[in-house]
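Undergrad: Provide a 3D model corresponding to the input given below.
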Amino acid sequence: MWDRVKVEEEVVTGEGNISCLDFWVPVHIYADGNDIAGGSFTNMYSFYTALLNAFSVIDPENLSDKLVRLSHQGNKISEVGFTFYLHPDLANDALTIRYTHAHQDGYSVVKIGIKDFAGEILRSAKELLEEIVPLDAECNEDAFYQALKKDFEIFRDWYNRRYRYV
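TA: Next up, the predicted model:
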């Protein structure tokens with residue numbers, strides 16, 4: 001999803017305004033071979049928070065009241081340079097993603113399994129929160145990092161219950 005070396009550099013040497021996760025990097029989000037973010041720069045903290053918010057709309061009974069959210073955009077994930085919407089088809093455990101980014105005109109649509117999309121989000125978050133952020137000892141005490149880490153633990157538990165993944 002993003003350049004690990006660049007993210008490590010930002011965490012270790014960056015000076016985020018409100019958090020050690022308050023930095024901008026180019027992001028690629030692939031769904032069925034389509035890059036729905038187009039490599040646009042995004043703020044890591046707001047991006048992951050928006051993704052979790054969107055999933056709380058997809059499964060409000062199991063996520064909505066549990067996540068520590070600072071904002072709520074519904075099923076919309078919008079950052080500088082890209083916007084996408086997650087439209088669930090729960091009967092088929094699938095998402096239709098309507099997206100646009102700075103490198104294309106208009107919106108495109110792609111379909112992907114909820115399990116696959118959520119699994120990739122978890123994989124990238126695990127790398128960020130468990131492998132990269134701990135490189136900076138001060139970041140471990142960051143309140144925004146702690147809240148996001150707790151949200152991803154809740155999201156991981158939701159995923160494991162839903163898909164019986166260990």
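Undergrad: which secondary structure elements does whatever helix or strand F47 lives in contact?
TA: Using DSSP states H and E, F47 sits in helix 44-58. On a contact count with 3 or more CB pairs under 8 Å, 6 or more residues apart in numbering; DSSP states H and E, helix 44-58 meets strand 76-79, strand 82-89, helix 114-126, helix 143-163. Just so you know, the C-beta spots here come from the backbone N, C-alpha and C atoms, and that holds for glycine as well.
Undergrad: how far does the last one sit from the chain's center?
TA: Yep, that's helix 143-163 we're talking about. Centroid separation for helix 143-163 versus its chain: 11 Å, with CA atoms, centre = their mean, to the nearest Å.
Undergrad: convert it to PDB, retaining C-alpha atoms only.
TA: Extracted in PDB, the C-alpha atoms of helix 143-163 (Å, rounded to 0.1, in the frame of the first residue of the first chain):
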ATOM      1  CA  ALA A 143      -2.300   8.900  22.200                       C
ATOM      2  CA  PHE A 144      -3.400   8.900  18.500                       C
ATOM      3  CA  TYR A 145      -1.200   5.800  17.900                       C
ATOM      4  CA  GLN A 146      -2.700   4.100  21.000                       C
ATOM      5  CA  ALA A 147      -6.200   4.800  19.900                       C
ATOM      6  CA  LEU A 148      -5.600   3.600  16.300                       C
ATOM      7  CA  LYS A 149      -3.800   0.500  17.600                       C
ATOM      8  CA  LYS A 150      -6.900  -0.200  19.900                       C
ATOM      9  CA  ASP A 151      -9.200   0.300  16.900                       C
ATOM     10  CA  PHE A 152      -7.200  -2.200  14.800                       C
ATOM     11  CA  GLU A 153      -7.300  -4.700  17.600                       C
ATOM     12  CA  ILE A 154     -11.100  -4.400  17.600                       C
ATOM     13  CA  PHE A 155     -11.100  -4.600  13.800                       C
ATOM     14  CA  ARG A 156      -8.900  -7.700  13.800                       C
ATOM     15  CA  ASP A 157     -11.100  -9.400  16.400                       C
ATOM     16  CA  TRP A 158     -14.200  -8.600  14.200                       C
ATOM     17  CA  TYR A 159     -12.400 -10.000  11.200                       C
ATOM     18  CA  ASN A 160     -11.400 -13.200  13.100                       C
ATOM     19  CA  ARG A 161     -14.900 -13.700  14.300                       C
ATOM     20  CA  ARG A 162     -16.400 -13.100  10.900                       C
ATOM     21  CA  TYR A 163     -14.000 -15.300   9.000                       C
END
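Undergrad: done for today, thanks.
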